[in-house]
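**Q** Could you look at this predicted model? Sequence included:
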Amino acid sequence: MFPFITLTDGTINLRPFEFGEENTLHLAVQESLPELEPWMSWANESYTSETALNFIALTRTYWSNGSLYAFAIADAKTGEFLGGCSLSHIHPIYHFCNLGYWVRTSRHGEGIAGRAAKLAARFAFERLNLIRAEIVIAIGNEPSKRVAEKAGAHYEGILLNRMVVGTRFFDAHMFSLLPSDFELVARL
C-alpha cells in the first residue's frame, strides 16, 4: 500500500529490510541471542542466513500489501545495521497497531530503540492514519520496558496471559503512543 520509505532523525535511519543484508541480519541476531531469545520466539540458535533472507522477503511482501511495516534500524552516518523496528498487527477497523523493537547487543545503551520507536510511531500516525501504537512487553523484560518509558509511552497496566514466547506465556505491560504525543491530531 505505502511505498518503501526511509525515515530519519539524523542519528538513525529506519528503512525497509533489503535483499543482500541477510548475512548482516543473521550475525546481529546471533550476537544478540542472550538478550533476544527469552522474549522473541523467532530468536534462537536455528536462526540462519536463510531464515533472515526469508524474513526479508516476507517483510517486503507484507509492506507492499500494508499488513506489516518492518524497518531495519541503521546508523544514519555509517549505514551500520543496528536492529529492527516494526509496526505489526495493524487493525483495519480500530486503527491501532503493535510496535516492536530490538537493537543488537553491541549497540545497547545508546537510545537507539527509543529513537526507532518514536520514528515508527510518527510514521503510523502521519502516513497510516493510525490512532494508537501499542507496545506490549513481557513481565521481566526490563530493558524493553525502560525503552518504552524513555520514549515517553503511556503506561496502561498489566495484561494477564498476554504474550506467548515459544511454549511459555507471560503477563505483559501495556504501553501506548498516541498522535498527541507528537503534537499531531488523530484522524481516520
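**A** Cool, got the structure.

**Q** what sits up against the lengthiest strand in the chain?
**A** Secondary structure of the chain per DSSP state E: the longest strand is strand 154-165. Strand 154-165 has contacts (Cβ atoms under 8 Å, 6 or more residues apart in numbering) with 38-41, 136, 138-139, 148-149, 169-178, 181. Yep, even glycine has a C-beta here, placed from its N, CA and C like the rest.

**Q** Buried subset of these, written for PyMOL?
**A** Applying 16 or more other Cβ atoms under 10 Å to these, the buried members can be selected in PyMOL as follows:
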select buried, resi 39+40+136+138+148+170+172+173+174+175+176+177+178+181
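
**Q** Next step: the contacts of strand 154-165 restricted to strands.
**A** Short answer: these in strands (DSSP E) are 136, 138, 169-177.

**Q** Widest-spaced pair of these?
**A** The most widely separated members of those are 169 and 177, with 25.0 Å between them, by Cβ to Cβ.

**Q** What helices and strands are in contact with whichever helix in the chain runs longest?
**A** Longest helix in the chain, counting residues (DSSP state H): helix 49-65. With contacts taken as 3 or more Cβ pairs under 8 Å, 6 or more residues apart in numbering; DSSP states H and E, helix 49-65 sits against strand 12-16, helix 22-36, strand 69-75.

**Q** mind exporting the longest one as PDB, just the C-alpha atoms?
**A** When you say that, I think you mean helix 22-36. The C-alpha trace of helix 22-36 is given here as PDB (Å, rounded to 0.1, in the frame of the first residue of the first chain):
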ATOM      1  CA  GLU A  22      20.600 -11.400   5.200                       C
ATOM      2  CA  ASN A  23      24.100 -12.200   6.500                       C
ATOM      3  CA  THR A  24      24.400  -8.900   8.400                       C
ATOM      4  CA  LEU A  25      20.900  -9.500   9.900                       C
ATOM      5  CA  HIS A  26      21.900 -13.100  10.800                       C
ATOM      6  CA  LEU A  27      25.100 -12.000  12.500                       C
ATOM      7  CA  ALA A  28      23.300  -9.300  14.500                       C
ATOM      8  CA  VAL A  29      20.600 -11.800  15.700                       C
ATOM      9  CA  GLN A  30      23.300 -14.300  16.700                       C
ATOM     10  CA  GLU A  31      25.300 -11.600  18.600                       C
ATOM     11  CA  SER A  32      22.100 -10.700  20.500                       C
ATOM     12  CA  LEU A  33      20.600 -14.100  21.200                       C
ATOM     13  CA  PRO A  34      21.200 -14.000  25.000                       C
ATOM     14  CA  GLU A  35      19.100 -10.800  25.200                       C
ATOM     15  CA  LEU A  36      16.500 -11.700  22.500                       C
END
